[in-house]
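Asker: here you go, sequence then predicted model.
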Amino acid sequence: MPALPSFEFDDKILKQGAEISRKLDQLRQEKFPPDAKKTLRRFSMAEAAHYLGVSPNNLKRLHLEGKGPEPEIAAGGRRFYSAEQMIEVRQYLDKNGRSDAKKYLPFRKGSEKLQVIAVVNFKGGSGKTTTAAHLAQHLALTGHRVLAIDLDPQASLSALHGFQPELDKNPSLYDAIRYDDKKQSIRDVILPTNFPLLDIIPANLELQEYEYDTPLAMQESKEGKRFYVRLASSLRDVDEQYDVVVIDCPPALGYLTLTALTAATSVLITVHPQMLDLMSMSQFLLMLGNITKTVKNVGANVSMDWLRYLITRYEPTDIPQAQMLGFMHSILAEEILRNPMLKSTAISDAGLTKQTLYEVERSRFNHQTYDRAIEALDAVNFEIQGLIHQAWGRL
């Protein structure tokens, strides 16, 4: 058998990376014509009512009485609302509803502080990005003003929202927290998404520069020694624009993750209920605790409103997973979210077209599969929403 021929590694992977990028852009052009920008489907009356917090009959009555926006009427008299129209309904109910207006238009008021949720895990494949994307979109659908920050140089959260960093050449958070004179306001790196109440700061490979710049800056300047305040300081510029910030952290315990955690008001740790994942999380927690204690000793604020563990990709019929979940409950007790995120082919199938479950049409799937996944997803996100409102002092 002849020996394998040698090749230039850098040339080969650059060529392959460029070809993959070209094919992905081709898919984007085909999926989101004419300008490769994502749009958002309309929501059925039942879905709209669900996220508005009213009954379908009440929503139908509003339409029949000529109150609120005019929905699209499909075959069979089915009513569909755009996300923009759902906001119009919220505004109408805010002015004319008989109960607490915060139920319909849950924007922060008075002393309620900006909620910054860091979604973290040291191990890849834990469902971190999927969780962050669906949480941000769910909060937007339920009337909250949301900023999603993709802090992972691999930019998966950005891709789910229709961005392709190497082609779009968008800025990233690096531009708002860098140490040189090219630093910009965070306002300049925020982009809209296809969800009306959801904005995003996409990621790109340049984010990795922050990991290299910070050790040098720590030696050369006071700014570097206080690297942990850079994101929190930047967010003050947009504090009044948002209710919740959702940060998708990289799967590494570097300066980017520490900067996010010291800006956070709460932490959501995703974990797959298997022994190797639990062992990895144990090491992550020990390292994180020691590092944050060190940063705290030099002045960082690491107090949180809440910490929760989200069980992801859970299969209730998998006996070892159920046993592992029981083991975790015996240790972490109240810190584990009551609702796990079930493993579902619907979520992975939606991802094939760079979409989330909130974006895809139910008709594309087996209805039972879709309904099971969306029910689990909503249960998780409504539980987290409850924690956010509890942090604001709302009942």
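Answerer: Happy to help now that I have it. Numbers count the residues shown, from 1 in each chain.

Asker: how far is the top helix by length along the chain from where the chain is centred?
Answerer: Among the elements of the chain assigned as helix by DSSP state H, the one spanning the most residues is helix 367-391. Averaging C-alpha positions (C-alpha atoms, centre = their mean, to the nearest Å) puts helix 367-391 14 Å from its chain's average.

Asker: before we move on, what about stretch 328-339?
Answerer: 22 Å.

Asker: and the contacts of it?
Answerer: The list of residues contacting stretch 328-339 from outside it, by C-beta atoms under 8 Å, 6 or more residues apart in numbering, reads 271, 273, 278, 307-311, 376, 379-380, 383-384. Where C-beta positions appear, they are placed from N, C-alpha and C, glycine not excepted.

Asker: how about those residues, which pair is most distant?
Answerer: Pairwise distances across these peak at 22.7 Å for Leu278 and Ala379 (criterion: C-beta to C-beta).

Asker: okay, now the domains of the chain?
Answerer: Here the domain parsing of the chain from automatic domain parsing is 43-103, 115-391.

Asker: any idea which of those gets closest to Glu19?
Answerer: Across those (criterion: C-beta to C-beta), the nearest stretch is domain 115-391, sitting at 12.3 Å.

Asker: now do the helices in the stretch 251-395 of the chain.
Answerer: Remark: helices assigned in the stretch 251-395 of the chain by DSSP state H, counting those that start in this stretch are 255-263, 275-297, 319-332, 345-351, 367-391.

Asker: could I get these as a markdown table with distance to Asp213 and mean neighbour count?
Answerer: Formatted as a markdown table, the entries for those read as follows, by distance: least, C-beta to C-beta, whole Å; neighbours: other C-beta atoms under 10 Å:
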| stretch | distance to Asp213 | mean neighbour count |
| --- | --- | --- |
| helix 255-263 | 9 | 24 |
| helix 275-297 | 17 | 14 |
| helix 319-332 | 36 | 14 |
| helix 345-351 | 32 | 18 |
| helix 367-391 | 33 | 17 |
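
Asker: okay, those in CSV with distance to Gln85 and mean pLDDT next?
Answerer: Listed next are these as CSV, based on distance: least, C-beta to C-beta, whole Å; pLDDT from 0 to 100:
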stretch, distance to Gln85, mean pLDDT
helix 255-263, 34, 92
helix 275-297, 42, 84
helix 319-332, 40, 89
helix 345-351, 23, 87
helix 367-391, 20, 95
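
Asker: turn those helices into TSV, columns for distance to Leu235.
Answerer: What follows is those, written out as TSV (distance: least, C-beta to C-beta, whole Å):
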stretch	distance to Leu235
helix 255-263	6
helix 275-297	18
helix 319-332	29
helix 345-351	29
helix 367-391	16
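
Asker: Three-state assignment for Val119, please.
Answerer: Following DSSP: H, G, I helix; E, B strand; the rest coil, we place Val119 in the strand state.

Asker: among the domains of the chain, which is nearest Lys31?
Answerer: domain 115-391 (5.7 Å).

Asker: centre of the chain to the closest one, how far?
Answerer: How far domain 115-391 lies from its chain's middle: 5 Å, per C-alpha atoms, centre = their mean.

Asker: quote the end-to-end distance of it.
Answerer: The separation between the terminal residues of domain 115-391, taken as C-alpha to C-alpha, to the nearest Å, is 8 Å.

Asker: tell me which residues are up against stretch 270-285.
Answerer: Defining contact as C-beta under 8 Å, 6+ apart, one finds that stretch 270-285 is touched by 119-123, 125-128, 131, 253, 269, 309-314, 320-321, 324-325, 327-328.

Asker: report the buried members of those.
Answerer: Buried residues within the contacts of stretch 270-285, defined by neighbour count using 16 or more other C-beta atoms under 10 Å: 119-123, 126-128, 131, 253, 269, 309-314, 321, 324-325, 328.

Asker: which residues touch the longest helix of the chain?
Answerer: Around helix 367-391, the neighbours that count as contacts under C-beta under 8 Å, 6+ apart are 50, 106, 113, 115, 117, 131, 134-135, 138-139, 142, 144, 244, 265-266, 268, 305-306, 308, 310, 337-342, 344-347, 357, 362, 364.

Asker: please, a ChimeraX command that selects the buried ones among those residues?
Answerer: Selecting only the buried entries of these in ChimeraX, with 16+ other C-beta under 10 Å as the criterion:
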select :50,106,115,117,131,134,135,138,139,142,144,244,265,266,268,305,306,308,310,337,339,340,341,342,344,346,347,357,362
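
Asker: buried set for the helix or strand of the chain with the lowest mean pLDDT?
Answerer: The least trusted helix or strand in the chain, going by mean pLDDT, DSSP states H and E, turns out to be helix 9-31, with a mean of 74. Under the neighbour-count criterion of 16+ other C-beta under 10 Å, helix 9-31 has Arg28 buried.

Asker: show me what it is in contact with.
Answerer: For helix 9-31, the external contacting residues (C-beta under 8 Å, 6+ apart) are Ala36, Gly162, Gln164, Glu166, Leu167, Thr353, Lys354.

Asker: can you give me the helices for the stretch 1-150 of the chain?
Answerer: Shown for the stretch 1-150 of the chain, the helices assigned by DSSP H, counting those that start in this stretch span residues 9-31, 45-52, 56-64, 83-96, 128-141.

Asker: so can I have TSV of those showing distance to Asp180?
Answerer: Compiled in TSV, these are given as follows (distance: least, C-beta to C-beta, whole Å):
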stretch	distance to Asp180
helix 9-31	27
helix 45-52	43
helix 56-64	52
helix 83-96	39
helix 128-141	29
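
Asker: looking at the helices of the stretch 251-395 of the chain, which is closest to Gly76?
Answerer: Each of the helices of the stretch 251-395 of the chain was checked against Gly76 via C-beta to C-beta, and the shortest separation belongs to helix 367-391, namely 16.7 Å.

Asker: from start to finish, how long is stretch 110-130 in a straight line?
Answerer: For stretch 110-130, the first and last residues are 32 Å from each other (C-alpha to C-alpha).
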